[in-house]
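In: Pasting a predicted model and its sequence here:
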Amino acid sequence: MMRWFLLLWFAFLVPALAEEAEVRLYRLSETELQIIHRQREPEIGDRDWLGSEVEEPGFESRFFEGGGSWYDCTKRVAEILEDEEFSGAALMDRKRGLLVMKAEGWDQEDFTEMVLRELPTQIRTAAAIYELPGVVSGMRPAGFIGIPEGGRLRAEIAGIALVGMTLKVESPGGEISLEVESQRDADGDLVEQRFSVSGTIDGNDYAFRTGITAPFGMPWAHELGSMNGEKSLVLVMTPELVKMDGTLVDEIFVREEGGVFLRERRLNGMRSFQFRDDRGEFREYPASPGIIDFWTQPAWRGGDDPDPFAADDQAEGKMRRRRLPLYGGRHPELKGVGVVYDVKNVFRENGISFREGDFAVYNKWNDRIYAKLSLINHELAYGMMLFHRFEFGRMIRVDFEQIGGDGKVLKKVGVLVLPGQEGTVALGPDLGTKVEAQIDANDELIEARVTLVDSGGDLEKPSLQTGLIFKSGVPMVVQRTVGEEEKSWKVTATILEISEVVNDYLKRSE
């Protein structure tokens, strides 16, 4: 009886302990694979460097449809991963520059990370000017998801430059010109840009100069304003990482199921940190990229941890990403969650205790952590999640609206700036603004020095110049004149959290 019980228990448990291998396509040429391999010895030019040609792939995948000549590059992938026990399989079509790999999920993640780290990349910046109907009071959504009815694209330009170098491009007709210098943020998912966009639309000049921080792969809208209260000009900037042939880096990696998963993962990881509204013992937490990277940071294998002050040749073993063990338990709360990884030990290292029946698991496919804990330990878990979360930065949006006596918006001009920096906008022959702003220590107030001109277009002869303190998102009337007609200037300054902008963009895109 006991024997049958053990057999049944083993059959029940084994599927949960064996992670299924997955298949991914990598759009990489043989030269790019060699760069990632970083073994630039004489053998690099050997036609047999990849391995021998295979008659049959050995595993099924939609990526093999259409034929091709496939070479076994499993050995080279194992060397890139520094894993002598690599159990996957990798094949390359050297003519089409395609690599198909079947391997465990963590090996795929490690290989993806190596590609992103070692492959030379450049930054492509696209700038587009849209004319949209009407005028929106206050701030428009910063994440651009498409042209509304009645809107149209008036000018667009794009160019590629190395990180840290200046890009200058201009359309032949002068409709738009772009000058931009870009830097990658420390975590590689954000771009910091200082740019100037200018041009002529319907005989009216426009210009915008400022600095921003934005996610790669997401169009970011900057409303320039309206000269007549009838139509608005909106600038949309889209930064992308590209490899040497101009291919988008996000499109290098493709899952068997499809989808631009790298872009989706990056943006989902930047969403504002929101918990489900529950207060029970079973809770779901969004897992930020920072906390997972911290938990799985490379660890030494093949010996004791080396002395950090020892010479390199004294360090034994190789670096390998720390593995989170698969979770084999069964709980009604986890029904339908799928394959998950046990993070109980990580929680314990952070001072969280577990009762019998408690658990903490991570689902890497939806970047969620599921935990059953006592209420006091959930408080500790909440703090742990916030502590490890990356800060994705903030910007300040300042919108000026000229309001007539009947309440109609007559003109509008707006600028986006990084805290402590200056931005300028000019629209047509008359309208323009210059703003320098800073966020107060309590993260609710904005201190700003503003200059506004609504006649003559000369910021050296402003119609309004002052220093102000705003409460974020709360409009303030800063100038009122009464002559032949009544006019007022209303100003709204808003703190933009990048994570909240991304969250809003993804919700509106769904």
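Out: Looks like it came in fine.
In: and stretch 219-232, how far from the chain's centre?
Out: Relative to the centre of its chain, stretch 219-232 is centred 25 Å away, using CA atoms, centre = their mean, to the nearest Å.
In: Sort out which residues of that stretch are buried, please.
Out: Burial within stretch 219-232, assessed by neighbour count using 16 or more other CB atoms under 10 Å, is assigned to 219, 220, 221, 222, 223, 224, 225, 226, 227, 229, 231, 232. Using the backbone N, CA and C atoms, a C-beta is placed for each residue, glycine as well.
In: Next: stretch 335-346.
Out: Under 16+ other CB under 10 Å, the buried positions of stretch 335-346 are 337, 339, 340, 341, 342, 343, 344, 346.
In: so who does residue 123 touch?
Out: Residues counted as contacts of residue 123 (CB atoms under 8 Å, 6 or more residues apart in numbering) are 160, 161, 162, 163, 182, 184, 191, 239, 240, 241, 242.
In: mind running it again at 10 Å?
Out: Shown in contact with residue 123 (CB atoms under 10 Å, 6 or more residues apart in numbering): 159-165, 167, 180-184, 191, 193, 216, 239-242.
In: before we move on, what about residue 348?
Out: Residues in contact with residue 348 (CB under 10 Å, 6+ apart) are 354, 360.
In: So it belongs to a helix, correct?
Out: Yes: assigned with DSSP: H, G, I helix; E, B strand; the rest coil, residue 348 falls within a helix.
In: okay, and for this structure, where does confidence drop off?
Out: Residue ranges of the chain with pLDDT under 70: 1-20, 39-48, 186-187, 273-279, 288-290, 297-322, 388-391.
In: All the helices of it, in order from the start?
Out: Taking DSSP state H as the criterion, the chain contains helices spanning 2-17, 30-37, 74-81, 105-118, 261-269, 289-295, 344-349, 375-387, 498-509.
In: need the ones you listed in TSV with distance to residue 444, can you?
Out: Formatted as TSV, the helices of the chain follow (distance: least, CB to CB, whole Å):
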stretch	distance to residue 444
helix 2-17	48
helix 30-37	47
helix 74-81	48
helix 105-118	37
helix 261-269	26
helix 289-295	25
helix 344-349	33
helix 375-387	19
helix 498-509	15
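In: picking that back up, now, which of the buried residues of stretch 335-346 sits nearest residue 504?
Out: Proximity of those to residue 504 (CB to CB) peaks at residue 337, which lies at 27.1 Å.
In: Would you list the phi and psi of that closest one?
Out: Dihedral pair for residue 337: phi -80, psi -30, per degrees, to the nearest 10.
In: and it, how far is that from residue 378?
Out: Distance, residue 337 to residue 378, using CB to CB, to the nearest Å: 18 Å.
In: Same check on residue 368?
Out: 15 Å.
In: Including distance to residue 71, could the buried residues of stretch 335-346 go into TSV?
Out: Formatted as TSV, the buried residues of stretch 335-346 follow (distance: CB to CB, whole Å):
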residue	distance to residue 71
337	39
339	31
340	36
341	33
342	38
343	39
344	43
346	40
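In: for the stretch 101-250 of the chain, what spans make up the strands?
Out: Using DSSP state E, counting those that start in this stretch, the strands of the stretch 101-250 of the chain run over residues 122-133, 152-161, 166-170, 177-184, 190-201, 204-215, 220-226, 231-242.
In: Check the offset of the third one from the chain's centre.
Out: Spelled out, that is strand 166-170. Remark: strand 166-170 is offset 24 Å from the chain centroid, using CA atoms, centre = their mean.
In: Identify all contacting residues around it.
Out: Here strand 166-170 makes contact (CB under 10 Å, 6+ apart) with 122-125, 127, 157-161, 176-182, 193-196, 198-199.
In: give me that answer again for 7 Å
Out: Here strand 166-170 makes contact (CB atoms under 7 Å, 6 or more residues apart in numbering) with 125, 157, 159, 161, 177, 178, 179, 180, 181.
In: Who has more neighbours out of residue 368 and residue 378?
Out: In this view residue 368 and residue 378 are compared by other CB atoms under 10 Å, and residue 378 has more residues nearby, 21 against 16.
In: that older thread, give me whichever of the strands of the stretch 101-250 of the chain is most buried.
Out: When these are scored by mean count of other CB atoms under 10 Å, the highest mean neighbour count falls to strand 220-226 (a mean of 24).
In: list the helices and strands it packs on?
Out: Other helices and strands packing on strand 220-226, by 3 or more CB pairs under 7 Å, 6 or more residues apart in numbering; DSSP states H and E, are strand 204-215, strand 231-242, strand 409-417, strand 422-427.
In: Let's see that with 6 Å instead.
Out: strand 231-242, strand 409-417, strand 422-427 (3 or more CB pairs under 6 Å, 6 or more residues apart in numbering; DSSP states H and E).
In: now the angle from the longest one to helix 105-118?
Out: Taking axes from the mean of the first three to the mean of the last three CA atoms, to 10 degrees, one finds that strand 231-242 is oriented at 100 degrees with respect to helix 105-118.
In: I'd like to know which elements strand 231-242 is packed against.
Out: strand 122-133, strand 220-226.
In: Skipping adjacent residues, who's closest to residue 333 in space?
Out: residue 282 (4.6 Å; CB to CB, 6 or more residues apart in numbering).
In: mind listing what residue 452 touches?
Out: Residue 452 is in contact with 400, 433, 462, 463, 464, counting by CB atoms under 6 Å, 6 or more residues apart in numbering.
In: List just the nearest of the residues you listed to residue 87.
Out: residue 433 (61.2 Å).
In: what's the neighbour count on the closest one?
Out: 25.
In: Who is it paired with across the strands?
Out: Listed beta-bridge partners, residue 433: residue 425, residue 452 (assigned using DSSP bridges).
In: from what I can see it touches residue 425, true?
Out: Yes: if you go by CB atoms under 6 Å, residue 433 and residue 425 touch, sitting 5.5 Å apart.
In: Need the overlap of contacts for these two.
Out: Common neighbours of residue 433 and residue 425 (criterion: CB under 6 Å, 6+ apart): 413, 415.
In: show me what contacts residue 368?
Out: So residue 368 contacts residue 284 (CB under 6 Å, 6+ apart).
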